[in-house]
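Novice: Have a look at this fold, sequence not included:
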């Protein structure tokens, strides 16, 4: 499984995806960090069949809540992701790849609910707890322990 | 409600889409006359000029690359030019070549992104690139592959495609082998052909009949289409060294924008970017680009900002052709960079970011620490001109439904490919 961790360490809770990746590395899991820019994200998963994308999301849930969606499912849609400073971000990457028929065979999206995204801010305690939970769940899945529960 | 019935109407784009950063446009109409136009940039100030104070000059290229995810090389190149002027560094000719090549990569990726993903939807009647992918799949796939070519060039020279870290004061931290550069030739040749096809495609779009009497400002070099050096010239006779920038240009704060607006001290607004470069440097384009322009019916001077999408395509042809020429000429330098001792001084740099002239000024002390920094990005320079375009564009449209006027205003702003995040890194602090 290719694990792509997106975010920005300098924008508060937007650091969540990258922090999950760094935690996973301490557990021996190979991950790739990514800015989340749509077109290069599509390049990053090109050729991979099984992809996990990790990023901060905004759905209205409690901060730190960890959710997993199948990007191919009807339940998944744009607007969950933190607005990127790029013109096209993670949501657009998924939708564009869907439109072009080049989504990986399996693309799971692990979202950590964020609330504060101010420039220069640190991630909140709730999100840091969510980071731990996300890393644990991904690790268990990666090591063959559990199956994902998708919305 | 009939939007046309009332005596006054407000055209509001509260959140501009398909631009980089956060901004809005408000146009107030009364009886068919424009009462007010405001390009509101509400992205918070990012204070880069303040962050740089007290940092060593060797840190500057990596720090300024963080200003923008789309045009970081422009920031690095303007910075190293200014700092090398202070330090008396003359870059190795091979380093100069590599910097130009590096810049070609940025132009290819930035222009491809704007042409295909951000601007083309306006002309093809779809709301965004995702819809465009559904209706014009081949077009989007071509754009993605073109952008990837630019990304590969940037990655090779910069170490990574976003916020590259390869550029240094004095040169690069690591220079590529000839074999590494040659590995890009096939894709650059495909990209040059694809760019010619792109120019042909976008030249067929339906352009509003809208010409303005701009003062175009761009760099000019005696032998080259401008990328990373030259004098600052304009269509109304300006011809200065970049060190004279502040003698002729001034930045002003306006209440409705977090970005300073630049203007010529004597004449007010001006335009930087692809149209300005094309109009002021047409004869320095390679034959393949000039021929493509002729085939598109594009002549200099072009004063219709909506046709900037065609000019960007011509500049992609140039960037691919130039990259191929540079790769053919390349021999690795003896050392990747020149190292010079720190010395106090003031230096100026200006290069051509994809969106236009990017000016930097630094003062450093005898330890090599930054005393002051000034960065004037192209979107800040074009901001006043964007507003003036809307003052002229809207009155003939006044009878149209609000949503149609709104869409045309958004398209007019996107003509400039504004990079709003870049424009808002200023700081207004009086030095004691």
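Specialist: That came through fine. Please read these numbers as outputs of a predicted model, since none were measured by experiment. Numbers count the residues shown, from 1 in each chain, chains lettered A, B, ... in the order given.
Novice: near chain A at all, stretch B:52-59?
Specialist: No: on the criterion CB under 8 Å from any CB of the partner chain, stretch B:52-59 is out of touch with chain A, staying 15.4 Å away. Yep, even glycine has a C-beta here, placed from its N, CA and C like the rest.
Novice: To clarify, my last question referred to stretch B:174-187.
Specialist: No: against chain A, stretch B:174-187 shows no contacts by CB under 8 Å from any CB, the least distance being 13.1 Å.
Novice: middle-most residue in chain A, spatially?
Specialist: Per CA atoms, centre = their mean, the C-alpha nearest to the average position across chain A is that of residue A:54, at 1.8 Å.
Novice: how about the strands in chain A?
Specialist: A:2-6, A:32-34, A:50-57, A:66-70, A:106-113 (DSSP state E).
Novice: Please apply the same query to chain B.
Specialist: Secondary structure of chain B (DSSP E): strands at B:8-13, B:23-30, B:33-41, B:167-168, B:171-172, B:217-220, B:231-234, B:239-240, B:249-252, B:261-264, B:345-353, B:356-364, B:370-376.
Novice: Of all the ones you listed, which one comes closest to chain A?
Specialist: Minimum separation from chain A across the strands of chain B (CB to the nearest CB) falls at strand B:23-30, 12.2 Å.
Novice: and the closest one, what other elements does it pack with?
Specialist: strand B:8-13, strand B:33-41, helix B:402-414 (3 or more CB pairs under 8 Å, 6 or more residues apart in numbering or on different chains; DSSP states H and E).
Novice: For residue A:12, find the nearest of these.
Specialist: strand B:33-41 (21.6 Å; CB to CB).
Novice: How confident was the prediction at the residue of the stretch 151-300 of chain B found nearest chain A?
Specialist: Ranked by CB to the nearest CB, the top residue of the stretch 151-300 of chain B for proximity to chain A is residue B:162, at 4.5 Å. pLDDT recorded at residue B:162 is 79.
Novice: Ok, residue A:128 next?
Specialist: Residue A:128 is given a pLDDT of 97.
Novice: The closest residue to it other than its chain neighbours: neighbour count?
Specialist: Distances taken as CB to CB, 6 or more residues apart in numbering or on different chains place residue A:19 nearest to residue A:128, at 7.3 Å, with adjacent residues excluded. Number of residues near residue A:19 (other CB atoms under 10 Å in any protein chain shown) recorded here: 24.
Novice: Show the contacting residues for residue A:19.
Specialist: A:7, A:123, A:128, A:131 (CB atoms under 8 Å, 6 or more residues apart in numbering or on different chains).
Novice: Find the nearest non-adjacent residue to the first one, please.
Specialist: Distances taken as CB to CB, 6+ apart put residue A:17 closest to residue A:7, at 3.8 Å, once the chain neighbours are dropped.
Novice: Do I have it right that the one you found meets residue A:5?
Specialist: Yes: Residue A:17 is within contact range of residue A:5, at 4.5 Å (criterion: CB atoms under 8 Å).
Novice: Where does the prediction get shaky in the stretch 301-432 of chain B?
Specialist: Applying pLDDT under 70 to the stretch 301-432 of chain B flags residues B:421-432.
Novice: mind listing the helices for chain A?
Specialist: Ranges of helices in chain A, per DSSP state H, are A:16-26, A:38-44, A:90-100, A:125-142.
Novice: Then the stretch 1-150 of chain B?
Specialist: Taking DSSP state H, counting those that start in this stretch, the helices of the stretch 1-150 of chain B run over residues B:48-52, B:60-64, B:72-87, B:93-112, B:120-124, B:129-135, B:137-158.
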